[in-house]
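Asker: Next come a sequence and a model predicted from it.
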Amino acid sequence: MSLFKNLFSKEKKESLDKGLEKTKSSFFGKISKIVAGKSTVDDEVLDELEAVLISSDVGVNTTLKIIDRIQDRVSRDKYLGTSELNQILRNEIAGLLSESNTEDTVEFSTPSNVKPYVIMVVGVNGVGKTTTIGKLASQFKQHNKKVILGAADTFRAAAIDQLQVWAQRVDVPIIKQQMGSDPASVAYDTLSSAIAQNADVVIIDTAGRLHNKVNLMNELTKIKKVMQKLIPDAPHEVLLVLDGSTGQNAFEQAKQFTAATDVTALAVTKLDGTAKGGVVIGISDQFQIPVKYIGVGEGIDDLQVFNKMEFVDSFFK
């Protein structure tokens, strides 16, 4: 319990509440309208609730799943009041998140028996991938981990430069080569350096091109194979970064990347600037991949570990 309290300090919780404010206001504003003047949850209320969930970017399939569960509740309790709808929604959404997030990440930590812990970060350009890597490095460093960054997005000079800026800001080493270099070679050099320096965490950036899924798949596969020459089970984590503000486009990106590589965790960014926070619920449910981190602000500490109960609490507060 002390760890939980430490993780969600007053400042962290306030940051989460603030980051989800636009989503919450939009969502509950719409729900207030559909229950106005109604006392029971009838078919009309459920139809309108379905529309609200879809418009909040929860996604069609996840929305239908939530509506079906609420219908089951209504059939069991014929006099279910609209005043209870928020609590029922809260319970069903928490239940869905629990099914795809088997256990919450309690802090920015890595398994004690894995060193270095290798994270390969994937995602299209513009979703906040480089920023997420920088913030992750900062958080791991604050937790007394020795971190090394690898600039394997060699397709864009800007990507290398941006990661360099973050490495300097956080004061962690970065391994890089010239633009156009072989990304797998950068990854190999990064792991070699990490082993030599006895690093705890390695974070490898990769190119975010989706115009040719076969090329993307081949490149990511090659990076993995080269890393495994040094560390047989690397990468230990493939983290897909998604921009929460893009709503349904984030679903499409998740579909493309999960088809191209074995994504093991998600980071959903930019939730503070949008009313589309419902996308976290839908993506978590549809892809059955744990949401590990969420971005709720511009600050270096505004990347938070995702805790489903705290998320739902802030969403329904």
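Answerer: Thanks, I have it.
Asker: So which residue is dead centre in the chain?
Answerer: With distances taken as Cα atoms, centre = their mean, A267 lies nearest the centre of the chain, 2.0 Å away.
Asker: Might one say that L97 is in contact with K308?
Answerer: Yes. Taking Cβ atoms under 8 Å as the definition, L97 is a contact partner of K308 at 4.0 Å. To be clear about C-beta, it is placed using only N, CA and C from the backbone, and glycine gets the same treatment.
Asker: how's the protein carved up into domains?
Answerer: Residue ranges for the domains of the chain, per automatic domain parsing: 2-100, 117-307.
Asker: Just tell me which of those ends up closest to S314.
Answerer: With Cβ to Cβ as the criterion, S314 lies closest to domain 2-100 of these, at 4.8 Å.
Asker: Now T221: closest residue in space that isn't a chain neighbour?
Answerer: Counting by Cβ to Cβ, 6 or more residues apart in numbering, T221 lies nearest to T261, which is 7.4 Å off, once chain neighbours are set aside.
Asker: nope, V172 is what I meant
Answerer: With Cβ to Cβ, 6+ apart as the criterion, V172 has its nearest non-adjacent residue at 4.6 Å, and that residue is V147.
Asker: what's across from the one you found in the sheet?
Answerer: Note on V147: beta-bridge partners by DSSP bridges are V201.
Asker: There's contact between it and D200 in this structure, I believe.
Answerer: Yes. If you go by Cβ under 8 Å, V147 and D200 touch, sitting 6.9 Å apart.
Asker: V241 in helix, strand or coil?
Answerer: strand (DSSP: H, G, I helix; E, B strand; the rest coil).
Asker: Excluding chain neighbours, give the residue nearest to it in space.
Answerer: Per Cβ to Cβ, 6+ apart, closest to V241 is G123, 3.6 Å.
Asker: Quickly find the element holding A199.
Answerer: For A199, there is no host helix or strand (DSSP states H and E).
Asker: actually K255, not the one I typed
Answerer: helix 248-260.
Asker: can you list contacts of that helix?
Answerer: Helix 248-260 is contacted by residues 57, 59, 122-124, 127, 210, 213, 216-217, 220, 240, 242-244, 246, 263, 266, 268, 279, 282-283, 286-287, 289 when judged by Cβ atoms under 8 Å, 6 or more residues apart in numbering.
Asker: got it, and stretch 192-203?
Answerer: Here stretch 192-203 makes contact (Cβ under 8 Å, 6+ apart) with 110, 115-119, 121, 133, 136-137, 140, 145-150, 173, 175, 190-191, 230-231.
Asker: Which of these fall in strands?
Answerer: The strands, defined by DSSP state E, take in 117-119, 121, 147-150, 175 from the contacts of stretch 192-203.
Asker: Just send the residues you listed back as CSV, with neighbour count and distance to V45 too.
Answerer: Output for the ones in strands among the contacts of stretch 192-203, formatted as CSV (neighbours: other Cβ atoms under 10 Å; distance: Cβ to Cβ, whole Å):
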residue, neighbour count, distance to V45
Y117, 24, 48
V118, 29, 49
I119, 23, 44
V121, 26, 42
V147, 27, 50
I148, 25, 54
L149, 28, 50
G150, 32, 52
I175, 21, 56
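Asker: Rebuild those residues as CSV, extending it with distance to R69 and pLDDT.
Answerer: Converted to CSV, the ones in strands among the contacts of stretch 192-203 look like this (distance: Cβ to Cβ, whole Å; pLDDT from 0 to 100):
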residue, distance to R69, pLDDT
Y117, 37, 97
V118, 39, 98
I119, 35, 98
V121, 34, 97
V147, 42, 98
I148, 45, 98
L149, 43, 98
G150, 43, 98
I175, 48, 98
